[in-house]
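Structure of the sequence below:
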Amino acid sequence: MALVVLAGALLPVTPVAAAVRPLRTSSHTVWLCRPGAASDPCASARTATSVGVNFAKAAFSTAVTSQAKKFDCFYVYPTVSAEPSLNSDLAIQKEETDIAIGQASQFSAVCNVWAPMYRQATKAALGDGEAFTSQVIATAYDSLLAAWKDYLAHDNHGHGVIFIGHSQGAAMLIRLLRSQVDPSAGLRKKLVSAIILGGNVQVAKGRDDGGSFRHIPTCASASETGCVIAYSTFPSEPGRDAVVGRPGQGVSIQSGQTARRGQQVACVNPANFSSGVGDLVPMYPTIVHLVRGVTTPWLAFPQLYTSQCLQQGGAAWLQVERILPPTRDFRPSVTSGGPMWGFHLDDMNLALGNLVLDVAYEEASYR
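This is a model prediction of the structure:
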């Protein structure tokens with residue numbers, strides 16, 4: 001039995017293992033992560049060490065008692081492909097493997113993680129300004145849609161589903177949920193939750209729906225299901241040309257959303273599901289932030305950052321701030337990409353400990 005630290009409390013945890021299912025050979029989907037596969041980055045070791053203010057170290061786990069084998073996570077990775085073409089092929093490269101470990105593997109404590117390769121818009125397309133063209137976007141989405149339909153037809157087996165996506169992956173999930181899940185009462189019943197980060201989910205101002213989705217609201221608590229956790233992290237108000245945090249621009253183009261009157265970008269604080277300040281539980285692979293004396297593959301940094309959903313000047317974002325300045329707390333800091341990007345690259349890992357626990361609580365409430 002291990003312990004998990006959340007907002008100063010110690011909760012008992014019980015490790016769980018992913019289900020092993022027979023592998024089919026007839027599927028045309030290339031699976032980056034697939035339960036039972038011999039080399040599955042989403043099932044890699046997730047043992048973590050908690051590193052405190054004075055570098056005090058302790059064993060750390062995010063896996064509360066869970067029915068992981070009864071739930072599936074469908075993960076869509078962000079823009080990572082280094083291929084020179086505008087759309088990637090379906091060959092698994094180091095970039096996809098690394099991001100799956102860094103963003104999705106901790107969720108294997110609470111679900112069976114499925115992650116298809118899809119023909120995403122590459123970094124080259126992003127650099128050339130082609131990542132937002134209709135043909136490139138359609139190629140990416142069509143390949144993801146085919147993988148979803150394959151999974152649903154052959155591998156779901158009646159399980160509740162948690163959708164997880166970041167950046168371009170979030171934009172693709174907005175399209176998928178809007179076209180496949182939102183209009184279908186049957187598929188909405190399968191929806192445990194959707195974690196859509198850095199993707200500009202939209203809602204009507206002052207409401208939890210009425211934007212990207214008609215029937216799927218944003219989550220108001222960790223016990224609510226059939227809802228969306230969405231945010232983009234910044235140290236201050238996003239710039240006027242920000243890629244995330246403002247409706248109808250940047251990543252919104254990849255999901256086909258426009259800046260309609262009366263719409264705003266959604267923000268759900270994964271630390272407390274309220275408008276108040278919460279404590280984040282950042283988690284990173286040890287290789288990202290080397291700490292002397294740590295031999296586990298993962299690090300956790302509790303009581304390092306707080307988070308709060310803010311709105312100003314037409315933008316909505318998750319404000320992330322250090323609890324103590326670097327002169328008093330020497331643990332590593334995240335670096336902002338400026339007013340255009342904020343902490344976009346760290347959206348997932350800044351709150352990874354919170355998000356895994358959120359999923360476990362949602363599973364416990366799921367009917």
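
how about Glu363, what does it touch?
Ser66, Gln67, Ala68, Lys70, Phe71, Val110, Cys111, Gly160, Ile162, Val192 (C-beta atoms under 8 Å, 6 or more residues apart in numbering). In short, each C-beta sits where N, CA and C put it, glycine included.

and it, which of the three is it?
helix (DSSP: H, G, I helix; E, B strand; the rest coil).

distance of the nearest residue to Asn112 once chain neighbours are set aside from Pro116?
Spatial nearest neighbour of Asn112, chain neighbours left out: Pro35 (4.3 Å); criterion: C-beta to C-beta, 6 or more residues apart in numbering. If you measure Pro35 against Pro116 using C-beta to C-beta, to the nearest Å, the figure is 13 Å.

just to revisit the earlier point, which of the contacts of Glu363 are buried?
Neighbour counting by 16 or more other C-beta atoms under 10 Å classes Ser66, Ala68, Phe71, Val110, Cys111, Gly160, Ile162, Val192 among the contacts of Glu363 as buried.

Can you verify my assumption that the fourth one contacts Val359?
In this case it means Val110. Yes. Using C-beta atoms under 8 Å, Val110 is in contact with Val359, at 4.8 Å.

shared neighbours of these two, anything?
Common neighbours of Val110 and Val359 (C-beta under 8 Å, 6+ apart) are Cys73.

Give me the helix or strand of the protein that scores worst on average pLDDT.
strand 9-13 (a mean of 32; mean pLDDT, DSSP states H and E).

just the helices in the stretch 101-250 of the chain please.
All helices of the stretch 101-250 of the chain, identified by DSSP state H, counting those that start in this stretch, fall at 123-127, 134-154, 168-176, 185-190.

Quote the end-to-end distance of stretch 284-294.
Using C-alpha to C-alpha, to the nearest Å, the gap from the first to the last residue of stretch 284-294 comes to 13 Å.

for it, which positions count as buried?
For stretch 284-294, by 16+ other C-beta under 10 Å, it's Tyr284, Pro285, Thr286, His289, Val291, Val294.

what sits against the second one?
Put plainly, it is Pro285. Ile101, Gly102, Pro297, Trp298, Leu299.

Among those residues, which one sits closest to Asp208?
Gly102 (29.8 Å; C-beta to C-beta).

closest to Glu321 among the contacts of Pro285?
When those are compared for distance to Glu321 (C-beta to C-beta), Leu299 wins out at 20.0 Å.

before we move on, back to that, for Phe107, see how far away the residue nearest to Asn112 is.
On the measure of C-beta to C-beta, Pro35 and Phe107 end up 12 Å apart.

who touches both of those two?
What both Pro35 and Phe107 touch, as defined by C-beta under 8 Å, 6+ apart, is the set Val113.

between these two, who's got more neighbours?
Remark: of Pro35 and Phe107, Phe107 carries more neighbours, 28 against 22, as counted by other C-beta atoms under 10 Å.

hey, where'd the strands end up in the stretch 1-150 of the chain?
Applying DSSP state E, counting those that start in this stretch to the stretch 1-150 of the chain gives strands spanning 2-6, 9-13, 31-33, 48-51, 57-60, 71-76, 112-116.
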